[in-house]
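Peer 1: Here is a sequence together with a model predicted from it:
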Amino acid sequence: FTKQIADNVPSDPPLSGFGDGDFGHSGATGWSSVKASVGFTPGRSRKGGNHLVSVTVTQSKKKRGTYIAELAGSRSNGFTAQGRHLIKALNALPIVSKFYDKGVKNAESSLKKFGAFAAKSAAAATAAIGAIAVLSVKAFGDFDAALNKSISIMGNVSDTLRTEMSDAAREVAKATTFSAEEAAEAYFFLASAGLDAEASIAAMPQVAKFAQAGMFDMATATDLATDAQSALGLSSDDAVENLANLTRVTDVFVKANTLANTSVEQLAAAFTSKAGNALKTVGKSVEEGAAALAVFADQGIKGERAGTLLTNTIFGLTDRLGAVPEKFDALGLSLFDAEGNMKNFSDISEQFTSVLGTMSTEQKLATLSQLGFGKQAREGILALVGNTEALSEYETKLKEAGGTVDEVSQNQLETFNAQMELMKSRLMDVAIE
């Protein structure tokens, strides 16, 4: 009987080492340190009674799971209908999976105590166990497939790091509305952005909270955060420093969303469409850049268009100042400090406001054209004119953005639907274990 069960339990490589008999055998699965045993506890007589069938998986001598079913019928007449139900359930069960077996142990005890009741409803009990097994297998299978896909592009990942990656993804699922499978998929995008396993593990919780705060999926959150971080030159090979920079960028993005007429996605799109690199080139911080983009957004200039406009404004200022410094001097425009650093956008706004503030629109455009500014640069400068105070206030508040992602993501969890998603994630985590 146990030999027939062992033959029907799929494993790649297949189970080996099982012999004929009723009372349990063990065999290797072909996987490192993983073994499986099939046991059969007979009923009171050979002609009838209840039979308890179990499949137990161990890894490095540590018990990983027990799967049980109680069958009614004679041991001598081969598979009963209930026995065939058990085989169908086991056929869906990868023998190398890790499952949480505390509840199963309790179930095993209960089945032994209430054999008479189980005998009357063996088919229903077996079908229920099979359904639970299939649900567990699917949850684990989806999670494991996503994790393997991510790890496959990370190079050599140790068993310890793999376990840590798995644990981090599952913790994310229990603390956010995202599933463990979605978190495992996010590792792929983190790895694509150049993060190794250690840095990805450190970044995972922040990316998940960023996704929740911004109300988009994990894949989008990973792309937005890592692309903007890279564009700003804030990526680091050091996991701790990289996490600090990632947290800073995502906090600023979510804070700007709460302050100005722009979404997190629009702001991230602006940074990744050249603006991040332009800001890095002239030594501007993410806070100062976000303040300028917030001012643009309040005037309806958002997303990639805002990023392109800010880029052309920055390079327009540096190019034209280098080409005709005397014309800038004549207007009293001083864009760089004594150390050669570009002055703050609020300072530049104040200077241009002083020069152009009382002019008509036609005169403003003519003055900027005389300085040699192109259309895009002119539009960007005019968007900054008259917004000196707004630029300064936005930047000040964005410099105090620390903890915004945590706060907003927690607020998103206070809805009924979010709480139901958390409950679902915790139930699925039991299936994955």
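Peer 2: Now that the structure is in, tell me what you want to look at.
Peer 1: Now tell me what touches stretch 267-284 from outside.
Peer 2: Outside of stretch 267-284, the residues that reach it under the criterion Cβ atoms under 8 Å, 6 or more residues apart in numbering are 224-225, 227-228, 230-233, 253, 256-257, 285-286, 288-290, 293-294, 296-297, 302-304, 306-308, 310-311, 314-315, 318, 341-342, 345. Every C-beta, even on glycine, is put in place using the N, C-alpha and C of the backbone.
Peer 1: same question, stretch 307-324
Peer 2: Stretch 307-324 is contacted by residues 269-279, 281-282, 284, 289, 292-293, 296, 301, 328, 333, 335-336, 342, 348, 371-374, 376-377, 379-381, 383-384 when judged by Cβ under 8 Å, 6+ apart.
Peer 1: in that stretch, what counts as buried?
Peer 2: By neighbour count on 16 or more other Cβ atoms under 10 Å, the buried set for stretch 307-324 is 307-317, 320-321.
Peer 1: Kindly reformat those as JSON lines containing secondary structure and distance to I153.
Peer 2: Formatted as JSON lines, those follow (DSSP: H, G, I helix; E, B strand; the rest coil; distance: Cβ to Cβ, whole Å):
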{"residue": "G307", "secondary structure": "helix", "distance to I153": "28"}
{"residue": "T308", "secondary structure": "helix", "distance to I153": "31"}
{"residue": "L309", "secondary structure": "helix", "distance to I153": "35"}
{"residue": "L310", "secondary structure": "helix", "distance to I153": "33"}
{"residue": "T311", "secondary structure": "helix", "distance to I153": "31"}
{"residue": "N312", "secondary structure": "helix", "distance to I153": "36"}
{"residue": "T313", "secondary structure": "helix", "distance to I153": "38"}
{"residue": "I314", "secondary structure": "helix", "distance to I153": "35"}
{"residue": "F315", "secondary structure": "helix", "distance to I153": "35"}
{"residue": "G316", "secondary structure": "helix", "distance to I153": "40"}
{"residue": "L317", "secondary structure": "helix", "distance to I153": "41"}
{"residue": "R320", "secondary structure": "helix", "distance to I153": "44"}
{"residue": "L321", "secondary structure": "helix", "distance to I153": "45"}
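Peer 1: Going by distance to S263, which of the residues you listed wins?
Peer 2: Closest to S263 out of the buried residues of stretch 307-324 is G307 (13.8 Å), distances taken as Cβ to Cβ.
Peer 1: From L356, how far out is the closest one?
Peer 2: Per Cβ to Cβ, to the nearest Å, G307 is found 24 Å from L356.
Peer 1: Same question for K327.
Peer 2: Note on K327: its distance to L356, by Cβ to Cβ, is 14 Å.
Peer 1: Counting neighbours, go ahead and name the busier of those two.
Peer 2: Of the pair K327 and L356, L356 is the one with more neighbours under other Cβ atoms under 10 Å, namely 20 against 15.
Peer 1: Report pLDDT for that one.
Peer 2: Per-residue confidence (pLDDT) for L356: 95.
Peer 1: same thing with A184?
Peer 2: 89.
Peer 1: Run through the residues that contact the nearest residue to it once chain neighbours are set aside.
Peer 2: In this structure, A184 finds its nearest non-sequential neighbour in A146, 3.7 Å apart by Cβ to Cβ, 6 or more residues apart in numbering. Going by Cβ under 8 Å, 6+ apart, A146 touches 181-182, 184-185, 188.
Peer 1: Now a PyMOL select for only the buried ones of the contacts of stretch 267-284.
Peer 2: Burial among these is assessed by 16+ other Cβ under 10 Å; the matching PyMOL selection reads:
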select buried, resi 224+225+227+228+230+231+232+253+256+257+285+286+288+289+290+293+294+296+297+302+303+306+307+308+310+311+314+315+342+345
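Peer 1: Select from the contacts of stretch 267-284 every entry located in helices.
Peer 2: Members of those lying in helices (criterion: DSSP state H): 224-225, 227-228, 230-231, 253, 256-257, 286, 288-290, 293-294, 296-297, 303-304, 306-308, 310-311, 314-315, 318, 345.
Peer 1: hang on, the earlier thing: closest to T396 among the buried residues of stretch 307-324?
Peer 2: Using Cβ to Cβ, L310 comes nearest to T396 of these, at 19.3 Å.
Peer 1: pLDDT wise, what is the closest one at?
Peer 2: On pLDDT, L310 comes in at 97.
Peer 1: cool, T250 as well?
Peer 2: For T250, pLDDT reads 97.
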